[in-house]
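*Asks:* When you get a sec, could you give me coordinates for this:
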Amino acid sequence: MSGPLNLRGDVLRRTMPWINAKDYGVTGNGTTDDSANIQKAADAANAVSGALLFPPGIYGLSAEVQTGANLRAIVGYGATIKRLTTAATKLFRINSSANTQITGLIVDGNRDALTIADPTQFVDILQLGGKSIISGNRFLNAPGSSVAGQASAAQIFGNHFENWRDHAVYFSGTAATSNAKDILITSNVFVHDSSTENGCIKFRNNVVNWTVSNNVVDLLCSTPFVQDDRSGTAGLGDELNYTNKRGI
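*Replies:* Next comes the predicted model:
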């Protein structure tokens, strides 16, 4: 598998149109539910094969924002995306045909302020396919998982993950088909202050051709990495210790 590809900053500006979320009525004030207007902005960026920009602010979400197949990037400069709902919903659902980069965001799952019955039903960013790049973000307090899905050629690098309830990164295929594959997880920081909650990375049901390397892992739980077999039976192990570093 090739190394990570990063398309941040000036390169993004030169290669695609930018849509400012605040031009579509998004407030970013930390209390207003901006879901509907963020969806309008995402649709506008998709229509021009562009990038969705979040200026500094706190953007509340209580409903899933779906990206189209042509949305090329979601970019934040000090912007925070904050979950406002206890409903089992995603914050962003990345289109299965999209090659989308997500960079520069703080994603606050707001878990301590919400009553979550089943953490496995909650995902901040759901990646269903494509060749998405998730880099340079900070994921905090996920009520379930920060990043999850059935990814193909996803690259997750240079992020900070802290205090999730299910797993920070969780990819699952199916028993019959290798539809979660070619996944790169490298140069991230995983921090958790609980000894009873789950490890940082989980692969389940026939995830193939993955690379997990050069991450910093500072967890109190005993098993940072879980890989299940095709039937979903957990094979617990501490594989992160081989190519990753414990402690920060």
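*Asks:* Now do the SS call for Asp112.
*Replies:* Following DSSP: H, G, I helix; E, B strand; the rest coil, we place Asp112 in the helix state.
*Asks:* biggest helix in this structure, by residue count?
*Replies:* helix 35-47 (DSSP state H).
*Asks:* what comes up buried for that helix?
*Replies:* Neighbour counts over helix 35-47 (16 or more other Cβ atoms under 10 Å) mark 35, 37-46 as buried. In short, each C-beta sits where N, CA and C put it, glycine included.
*Asks:* all helices of the chain, in order?
*Replies:* For the chain, the helices defined by DSSP H cover 10-15, 35-47, 240-243.
*Asks:* If you average pLDDT over each of those helices, which is lowest?
*Replies:* Ranked by mean pLDDT, those end with helix 240-243 at the bottom, a mean of 43.
*Asks:* contacting residues for the spatially closest residue to Ala151 that is not a sequence neighbour?
*Replies:* Distance criterion Cβ to Cβ, 6 or more residues apart in numbering; nearest residue to Ala151, sequence neighbours excluded, is Gln127 at 4.8 Å. Counting by Cβ atoms under 8 Å, 6 or more residues apart in numbering, Gln127 touches 94, 134, 147-151, 154.
*Asks:* could you redo the last one with a cut-off of 10 Å?
*Replies:* By Cβ atoms under 10 Å, 6 or more residues apart in numbering, Gln127 lies in contact with 90, 92-96, 98, 100, 102, 134, 147-152, 154, 156, 169, 171, 180, 183.
*Asks:* can you list the weak-confidence ranges in the protein?
*Replies:* The chain contains residues with pLDDT under 70 at 1-14, 128-129, 175-178, 222, 227-248.
*Asks:* So which residue is smack in the middle of it?
*Replies:* Val147 (3.1 Å; Cα atoms, centre = their mean).
*Asks:* Do I have it right that that residue meets Ser132?
*Replies:* Yes. Contact criterion Cβ atoms under 10 Å: Val147 and Ser132 qualify, at 9.3 Å.
*Asks:* Buried residues of the longest strand seen in the chain, list them for me.
*Replies:* For the chain, the longest strand by residue count, based on DSSP state E, is strand 73-83. Across strand 73-83, burial judged by 16+ other Cβ under 10 Å covers 73-76, 79-83.
*Asks:* One more: stretch 92-105?
*Replies:* For stretch 92-105, by 16+ other Cβ under 10 Å, it's 92-95, 98-105.
*Asks:* what residues are up against the closest residue to Pro56 other than its chain neighbours?
*Replies:* Leaving aside its chain neighbours, Pro56 sits nearest to Gly78 (4.1 Å; criterion: Cβ to Cβ, 6+ apart). Residues near Gly78 by Cβ under 10 Å, 6+ apart: 54-57, 104-106.
*Asks:* So Asn110 versus Ala148, what's the distance?
*Replies:* Taking Cβ to Cβ, to the nearest Å as the measure, Asn110 and Ala148 are separated by 17 Å.
*Asks:* Good, we can wrap up now.
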